[in-house]
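Novice: Got a sequence here, can you build the structure:
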Amino acid sequence: MTPVWTLFGDVGRIRRDFSCAIERTILLHGRAYLTQSFLCFASNIFGFETKVVLPWALVDEVLQAQHELVNPAIIVSTDAEDYLFTSFFGQREHFAKIVNELWRRREHKARAVRGGLE
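Specialist: Next up is the predicted model:
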């Protein structure tokens with residue numbers, strides 16, 4: 001297995017990783033890696049590599065959803081793009097809990113910094 005830092009650079013310590021898929025033109029199966037500062041995703045399907053490194057600071061919203069009406073999903077939204085993660089094989093609730101925890105922690109820190117500047 002490829003070390004995570006060689007895939008994404010210095011994203012910090014991995015808190016948890018999940019087998020899942022990201023929606024592009026098709027669903028691309030890979031792994032999501034959650035760190036204190038980033039949501040990362042890597043997929044390699046027949047040599048077609050996809051990598052996402054998404055700082056929590058850019059995340060505006062995290063929603064639970066459905067993909068194609070049957071597959072539970074999580075949508076992570078930024079100003080630029082919505083990222084749909086699905087195919088968690090029974091771990092969506094745990095993924096959603098950790099994603100929301102990390103996102104809200106970032107949001108709480110941002111509010112504290114803004115409050116200190118006023």
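Novice: pLDDT below threshold where in this structure?
Specialist: Low-confidence segments of the chain, defined by pLDDT under 70, are located at 1-3, 69-70, 90-92, 94-95, 107-118.
Novice: Next, please give the residue ranges for the helices of it.
Specialist: Listed in chain order, the helices found in the chain under DSSP state H are 4-8, 92-117.
Novice: Which strands or helices does the first one pack on?
Specialist: What that stands for is helix 4-8. strand 38-45, strand 48-55 (3 or more Cβ pairs under 8 Å, 6 or more residues apart in numbering; DSSP states H and E). Quick note: C-beta positions are derived from backbone N, CA and C, even for glycine.
Novice: so the last one versus strand 38-45, what angle?
Specialist: Following axes from the mean of the first three to the mean of the last three Cα atoms, to 10 degrees, one obtains 180 degrees for the angle between strand 48-55 and strand 38-45.
Novice: buried stuff in strand 48-55?
Specialist: Of the residues in strand 48-55, those scored as buried under the neighbour-count criterion (16 or more other Cβ atoms under 10 Å) are 52-54.
Novice: Show me the residue sitting in the middle of the protein in space.
Specialist: With distances taken as Cα atoms, centre = their mean, the residue of the chain nearest its centroid is Leu39 (3.8 Å).
Novice: Show me what that residue bridges to in the sheet.
Specialist: With DSSP bridges as the criterion, Leu39 is bridged to Leu34, Leu54.
Novice: Around Arg24, count how many other residues there are.
Specialist: When counting by other Cβ atoms under 10 Å, one arrives at 12 neighbours for Arg24.
Novice: what do you get for Ser87?
Specialist: Here the count is done by other Cβ under 10 Å, and Ser87 has 20 residues near it.
Novice: if we can go back for a sec, from the buried residues of strand 48-55, which is closest to Val62?
Specialist: Distances from Val62 to these, taken as Cβ to Cβ, are shortest for Leu54 (11.2 Å).
Novice: That closest one contacts Ser37, doesn't it?
Specialist: No. Using Cβ atoms under 8 Å, Leu54 is not in contact with Ser37, being 9.9 Å away.
Novice: Thank you, goodbye.
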